[in-house]
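Peer 1: Sequence first, predicted model second:
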Amino acid sequence: MTEQSPALDNLLTENRTFPPGDAFAAAANATAEWYEKADADRDAFWAEQAERLHWDTRWSRVLDWS
């Protein structure tokens, strides 16, 4: 295996953030409340989101790791 150069290692680490502008954030579909609900109960959050869609056959589990 080839050894990586220090320059490439430097490119693999990115810590900057780029917050959205006010107009963009105001038009967003997801709100801070959505993030809070998802953090509190991920499965319930995604079940609620799935209910917003039309299903020919309704899903039976929110998450299936198999």
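Peer 2: Happy to help now that I have it.
Peer 1: any weak-confidence spans in the protein?
Peer 2: 1-7 (pLDDT under 70).
Peer 1: where's the residue nearest to the spatial centre of it, which helix or strand?
Peer 2: Centroid-nearest residue in the chain, with CA atoms, centre = their mean: residue 35, separated by 9.1 Å. Counting by DSSP states H and E, the element that carries residue 35 is helix 32-40.
Peer 1: And the next helix-or-strand element following that helix, how far out from the chain middle?
Peer 2: Going down the chain from helix 32-40, the next helix or strand is helix 42-50, by DSSP H and E. In this view, helix 42-50 has its centroid 13 Å away from the chain centroid, taken as CA atoms, centre = their mean, to the nearest Å.
Peer 1: Could you do stretch 13-29 as well?
Peer 2: Taking CA atoms, centre = their mean, the mean C-alpha location of stretch 13-29 is offset from the chain mean by 14 Å.
Peer 1: What is the end-to-end distance of it?
Peer 2: Stretch 13-29 has an end-to-end distance of 30 Å (criterion: CA to CA, to the nearest Å).
Peer 1: Go through it and flag the buried ones.
Peer 2: By neighbour count with 16 or more other CB atoms under 10 Å, stretch 13-29 contains no buried residues. All C-beta atoms are positioned from the backbone trio N, CA, C, and that covers glycine.
Peer 1: got a list of contacts for that stretch?
Peer 2: In this structure, no residues lie in contact with stretch 13-29 by CB atoms under 8 Å, 6 or more residues apart in numbering.
Peer 1: repeat for stretch 43-62
Peer 2: Here stretch 43-62 has contacts from 34, 37-38, 63, using CB under 8 Å, 6+ apart.
Peer 1: Output these as JSON lines; include the columns distance to residue 47 and neighbour count.
Peer 2: Formatted as JSON lines, these follow (distance: CB to CB, whole Å; neighbours: other CB atoms under 10 Å):
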{"residue": "34", "distance to residue 47": "14", "neighbour count": "14"}
{"residue": "37", "distance to residue 47": "11", "neighbour count": "15"}
{"residue": "38", "distance to residue 47": "11", "neighbour count": "16"}
{"residue": "63", "distance to residue 47": "9", "neighbour count": "8"}
